[in-house]
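Chemist: Structural data only, the sequence is not supplied:
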Ligand SMILES: Cc1ncc(COP(=O)(O)O)c(C=O)c1O
Ligand SMILES: Cc1ncc(COP(=O)(O)O)c(C=O)c1O
């Protein structure tokens, strides 16, 4: 029974281009207080464009309605549990939005004098300190814009260190359970990727690793807890194996929400790792970003970090650009500062003990779900769960219902689906990460929904295959979208009615 | 055909009390920096309460979800046309929300020194000036909190003036088309109400008025344009009749959106009037308030205005409390200042010419709707429309469908209903006020919806009688609610399921 | 213009439908002598940025960032960020009175919760959806008492907020509702029960007492109610500092509670908008002014809420209505609702206890004028209150409220308030200024 | 803790289901030597109010309210209020990548609109859903050109933003993608086409040119593209000042456009988050990095949008992906989308013209270093740029960017920017400081 939702009408809304009419305006500028300049005279006729064809012309009220209406077509954390595994969709505290908009922070120019940027620099320094403490590492760069960007930074750091030692080496080892960004990153950094098969428990097979690890291997990219939500119980041994052959260990920190305050990568042998501040540290996902992929390193990698580095000069912070071993900049300026402000605000709100408690609640939620659902869904790997649990659609597949179908049916039950079909080592994966910011009530409803769907699969698989039913948009044809891609609006393409 | 909406799932949500659990917290206070005080020692055991029984205990994320979910059950201007006649549901500019939150305005204490309140006072003074100019009156008080409060203030002003002249008189004349607040107000001010029947055109019948007007009558409360949206064509004569017998004319300014920049009550003989800043001047209705019912008067009523009055002392504003003829305060402090800020921001955005253009667009929209719908609905009064038009359900009633039913069906079509059953002089009234902030597209959809419903009434009246169908809450039983009122939650009353 | 969503061509099309040649045509039927024949004397429309600049300039002429010890009906309290998050949602901000229940369940549910929480706090059985503010709730309560008792006299304590009493007088003046005030005990600062008793009679409809009173003193509502009831009068309890309800015994013996919720996450905003409430006993429900939300079901049997008992109201009952109030303070009441949800049972208690502690720290060692128990305000004696305030202003601190204007007999007194927002260091500075 | 929605009793119930006696039990399987055996050295959790105070204190140590003439890739422009209104809606703010199209049509539709508007502005045929920023979009465009052409060399103009070129070098260093820079004409400040031509060869995958370039000079993209195309190379056009697209001929001759939308209502925010874009020709669509939204239908035949061509992306193609990018800058791209909707066709033009006028007013009478046509930035000669800036700082004005660090040959030069936000009076003060 669907307990969590009821259908209600939502407004249709055309594209902005379709509701435009010549001369409608949503803006007004203050009058120009200097003489106007003729563009053609100033720039030459060749350089001055005609009107921007098709560009919107709508009023202010239409703009706000447009986006408000569209927003109602979205699911969001603010509406309920968002159990996308590996994404750590936790509550995004609103005080963080407020402080990030503090005028002198939001309007600070990256090139304004350091003497007038001490507050911003102090915030970054304090965040670096906190992240180093949390990860057990020695230094942190806040420059990378997201997790994948952090991975790239981290692998470049490894490469630079090895090059400095005389041999950049050829390969990066990556468990087959890894996220796609890991191999893509290794490739961008000029490394070949060698997959390490997981063992029967879904963990890195130590023997295979030992076999694969040699002097051509620059390092290992490992995710811990791994993408099954399982802590790599041999992590200390693993890092030793890699180090023994002169390699370095990169940890994908996407799953740090399982470890904060409980265990520190720096303490179990990791050389370099990234953090997704938009996951573990609660900054909003915003429909797909922005994020921050801060990278933490041990001492030996510090000289290679992107410049500039902040340092103290008397009672002032200054930027040091004079870092001969640095890999260079991975983006302009200093990082996604606005995201950094939010992450620090989150850390301050919890404090050290609160962060640990949050971790424990996250792990409790995942284990509770696992226990409640195990009777109904196949759990391919039985190792203890940390912050997420991964089922498979094995039982339901026998009825022709796949993980993607169950996911769509979950929508009718009022939930965002779990992560579908990842990690790849689980056939028909259902990857569930509740995070700590879910209460028992919401989780119980989620469990009941999945149990109810399991029953539907038994009694009426067609019902599940046709889902979702309660959404304004029924199942979307992604195949056609990819076959003949239409990725922008064009005037002719709008045969749809005005009220679409 | 319903072009404007599609059903989509919305989240259910229990009451706060139902999702509480002991010890859950949504707050944290900074640590106390002074010694704690034992309440019983300080206040005595009799004065210290036990726990607040039933009070909520929820976390921050539950609070935000609670209110976000509930919000999705509402219709609003931000979602579409809100044609509640007499309510002037226009777009609420967001810049007004921003400026009202400017720290030194939002956090100004009404008793802070005048020398540190000059900005707030200047804002009020400038708004008073603008409103006097718009109404053609001589002085304005911003103290009343809403329209009805303004009416009360205005009638008291009349009474005080008459008392000062020696006779407060007995009665107030009120057209039968008036809003309920008018007679209720007159009564609160100690006056008997005498209704003036409207003539066949829905206007004040000048002959009846002449007959009713005598020396026992304190004044006339007139709405212009009246609640049919029709300009009282004899207004100049009407005010003369009242004045000739020593009475005063109060104008209910709820419909000023039809007149701003076009005609001024002060120019056609009105002595005192209120403005609903939450209507004409765009401040948000907020689910039922707050508003502001600024009252504008001619010179002869100025001495009676509520104290304090702002006045200039050198280059400073000061409050003058020494006003022996004042009716007194109608509320604490100076008015709904935050609303006043928004109203001034609105006036500044439009400017004089813009305000006039807004009025013209408002009247255009109403006339367009009137012309488009006249073939389908009965228009009981044919006088030219100003900012709203009033149909009746006369034709549809023959099929057993009443204005309230058509209203409910409009909901399915994606619109908030018009005002139902008001004014009382129209049987089965459908009172439509689009305002100027609606574009042609939205209005056309509205017109099509009402035409489509008219056709449904012809072909399938039952369909209309059962509406709405597309809302999460179907037709609500208001009769039972009133028969045995349950106006608060109690623990025992919650037999409803957890996921209600 | 950005607020007018029409192109010129759309205007022309629409005018054509109306059979009008121009916009001006639409007004051609207005009598010439009623029309304005010039442009309004209001400057040209401004951009958003100029508007923001204007209000910033004005704000710069107001006090900013001054620690303040003003209370007297308007209190500085922390404001949870969620409050603005919620009330900024267009679905709450830009909707109106929930007349159409099927598309207003969001607002209706929040009002039902508001009514419930006001009852829980006050110990009353029913509460309305809000009044304009605390001050106007007082005369509405008095009028309600008059309707209930069929009597006409009102006794109001002099320790009720002076502005509230002024508003009461204004409302009362034409209603044949004579107001008599009774005094306070010059020692304790609480109501003078003897004076009250002396003034009570069979003609009195209501006795109005505020607690904590204007001097910050916690009143003995039980005792005042007992006296009132002995004479068949109702006891109206007024409060201006809602945070006190987190700690003080609720006024269960009162018949009507009229109060101000400004303390619940409503910015001082130079005096408004705030949210008043009226709460009472179940048996008086049909005499309550303003809107009420009730629980019911929809046609499918789901729980639903709607406006109810509207036959009390002006749009139905017209001159016989319980009040003329129509638009109330819904969005502000929603702020208070969010506040109550954020603080909750434990939070409101802790908040109240912090206020108690702060005010007692501030009072400690100062020359208190009254001996009665106080919550977060108290009256202090000082030869020249204005001079003390000047001294504090020089340190960028706003002091207390000199009482001479409201109470000539207390012209050597100042009302000081301390809340959870006042820091110890600033309190020490205040102390040293006396 | 307010972010943890559980009572102790609920925790106990849930632990019981898990067969655990305590929360610590859940971690008992972790190897002891991997565990932290002490508390984190991070101060106790703070209230909302203390957090706000902390960031205010830090903000007070930053510049506030200084008129500024800095540009150089980050521009001060007015920010319509609607932008924050929209992005603050929880439905946009707290959702993630729209993998599940049926409950993400809001985000998907806005991205489709974003892609369309970027195409309309740039004259390209397809655009992606955003890159991290302009600087990282440049190497992504270069890598794309390498994939398309099968060549490996990149020619980059020295007038491309120096930090962008640094990022390009960082990305390129391990990809066997050698970067060669070509110079600028010392008179005009535009690219030295002769130098470009001299360095072009059949090995060059892409020529990278920025317009307006780092000196503010509007480049002749047509000419640069003609040279590149003559050698079978692609022309990558870079922009940092998106407002210029409102006025300048779009780079129709470019093959790839890589740019930064910070100017579109994205606060400077000390360097990020911003939103980069990549736009290109239809024929290169399968080589574009990052997310793409496409139009399709749902099973009922209604128009719908979804992520598409994801086989380009890392989660499918892994090491063969067009990029490793996953999380992008969606909410920031939404800010730009709202901005474009608010300004629209006429507004963006007027805005660009105001920028042109302001910068030309500022430049008027100053000793311009370059003669080429400029938009809202220009280079001015002055003996001691730092000294000028000091003088301005004393007047609470932030001057321009001294160029010596990035261009040693221009150490006696400063880059000045003027936008619609700069007031004439402040510009006059700047002029008089030289
Ligand atoms: C395990 C893992 N690694 C890396 C990433 C990439 O992080 P980002 O999306 O921030 O680039 C993700 C993101 O989903 C992830 O789940
Ligand atoms: C004609 C008329 N008069 C008076 C009022 C009362 O105004 P308020 O609701 O602001 O008290 C209204 C409000 O709906 C109205 O429409």
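Modeler: Sure thing, it's come through. All of these numbers come straight from a predicted model, not from anything done at the bench. Ligands and ions are numbered 1, 2, ... in the order given.
Chemist: residue ranges of the strands in the chain, please?
Modeler: All of this is about chain A. With DSSP state E as the definition, chain A shows strands at residue ranges A:5-11, A:139-141, A:171-175, A:192-196, A:217-223, A:248-252, A:272-274, A:295-297, A:309-313, A:316-320, A:389-392, A:419-420, A:429-432.
Chemist: Correction: the question concerned chain C.
Modeler: C:126-127, C:153-157, C:179-182, C:204-210, C:234-239, C:256-260, C:276-280, C:293-297, C:303-307, C:377-381, C:401-402, C:413-417.
Chemist: of all those, which lies closest to residue C:323?
Modeler: Relative to residue C:323, the nearest member of the strands of chain C by Cβ to Cβ is strand C:276-280, separated by 9.5 Å. C-beta here means a position set from N, CA and C on the backbone, and glycine is covered the same way.
Chemist: What's the nearest residue in chain A when you look at chain C?
Modeler: residue A:59 (3.6 Å; Cβ to the nearest Cβ).
Chemist: ok, which residues in chain A are in contact with chain C?
Modeler: Counting by Cβ under 8 Å from any Cβ of the partner chain, chain A comes close to chain C at A:6, A:21-30, A:57-62, A:64, A:68, A:94-95, A:97-98.
Chemist: List buried residues within these.
Modeler: Burial of these was assessed by neighbour count (16 or more other Cβ atoms under 10 Å in any protein chain shown); the buried members are A:6, A:21, A:24-30, A:57-62, A:64, A:68, A:94-95, A:97-98.
Chemist: Output the strands of chain A as a markdown table; include the columns mean pLDDT and distance to residue D:109.
Modeler: As requested, the strands of chain A are exported to a markdown table (pLDDT from 0 to 100; distance: least, Cβ to Cβ, whole Å):
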| stretch | mean pLDDT | distance to residue D:109 |
| --- | --- | --- |
| strand A:5-11 | 97 | 12 |
| strand A:139-141 | 98 | 36 |
| strand A:171-175 | 97 | 36 |
| strand A:192-196 | 96 | 36 |
| strand A:217-223 | 98 | 34 |
| strand A:248-252 | 98 | 32 |
| strand A:272-274 | 98 | 32 |
| strand A:295-297 | 98 | 35 |
| strand A:309-313 | 96 | 41 |
| strand A:316-320 | 98 | 41 |
| strand A:389-392 | 98 | 32 |
| strand A:419-420 | 96 | 22 |
| strand A:429-432 | 98 | 27 |
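Chemist: wait, which of those strands is closest to chain D?
Modeler: For the strands of chain A, the distance to chain D is smallest for strand A:192-196, at 4.8 Å, taking Cβ to the nearest Cβ.
Chemist: in chain C, which helix or strand is least confident?
Modeler: Across the helices and strands of chain C, mean pLDDT, DSSP states H and E gives its lowest value to helix C:314-317, namely a mean of 85.
Chemist: Touching it from outside, list them.
Modeler: B:148, B:179-181, B:183-184, B:422, C:310-311, C:321, C:323-326 (Cβ atoms under 8 Å, 6 or more residues apart in numbering or on different chains).
Chemist: buried ones in that helix?
Modeler: Neighbour counts over helix C:314-317 (16+ other Cβ under 10 Å) mark C:314-315, C:317 as buried.
Chemist: One more: stretch C:37-56?
Modeler: Buried, per 16+ other Cβ under 10 Å, within stretch C:37-56: C:40, C:42, C:45-49, C:51-52, C:54-56.
Chemist: Over to stretch C:356-369?
Modeler: C:356-363, C:366, C:368-369.
Chemist: Need the max-distance pair from these.
Modeler: So, these by Cβ to Cβ: farthest apart are C:357 and C:369, at 20.8 Å.
Chemist: So residue C:55 sits against residue B:102, correct?
Modeler: Yes - applying Cβ atoms under 8 Å as the test, residue C:55 and residue B:102 come out as touching, 5.3 Å apart.
Chemist: rewinding a little: among the buried residues of stretch C:37-56, which ones lie close to ligand 1?
Modeler: For ligand 1, no contacts are drawn from the buried residues of stretch C:37-56 by Cβ under 6 Å from any ligand atom.
Chemist: show me which of those residues neighbour chain A.
Modeler: Counting by Cβ under 8 Å from any Cβ, C:45-49 from the buried residues of stretch C:37-56 sit close to chain A.
Chemist: of all those, which comes closest to residue C:284?
Modeler: Closest to residue C:284 out of these is residue C:48 (48.4 Å), distances taken as Cβ to Cβ.
Chemist: Neighbours of the closest residue in space to residue C:201 that isn't next to it in sequence, how many?
Modeler: The shortest distance from residue C:201 to any non-neighbouring residue, by Cβ to Cβ, 6 or more residues apart in numbering or on different chains, is to residue C:231 (6.4 Å). Taking other Cβ atoms under 10 Å in any protein chain shown as the neighbour definition, residue C:231 ends up with a count of 17.
Chemist: Same question for the one 3 residues further on.
Modeler: The local packing count at residue C:234 equals 26, with neighbours defined by other Cβ under 10 Å.
Chemist: Enumerate the beta-bridge partners assigned to it.
Modeler: For residue C:234, the beta-bridge partners are residue C:206 (DSSP bridges).
Chemist: ok, it - contacts?
Modeler: Shown in contact with residue C:234 (Cβ under 8 Å, 6+ apart): C:145, C:148-149, C:205-207, C:228, C:255-256.
Chemist: so where's chain A uncertain?
Modeler: Flagging of chain A using pLDDT under 70 yields the residue ranges A:493-500.
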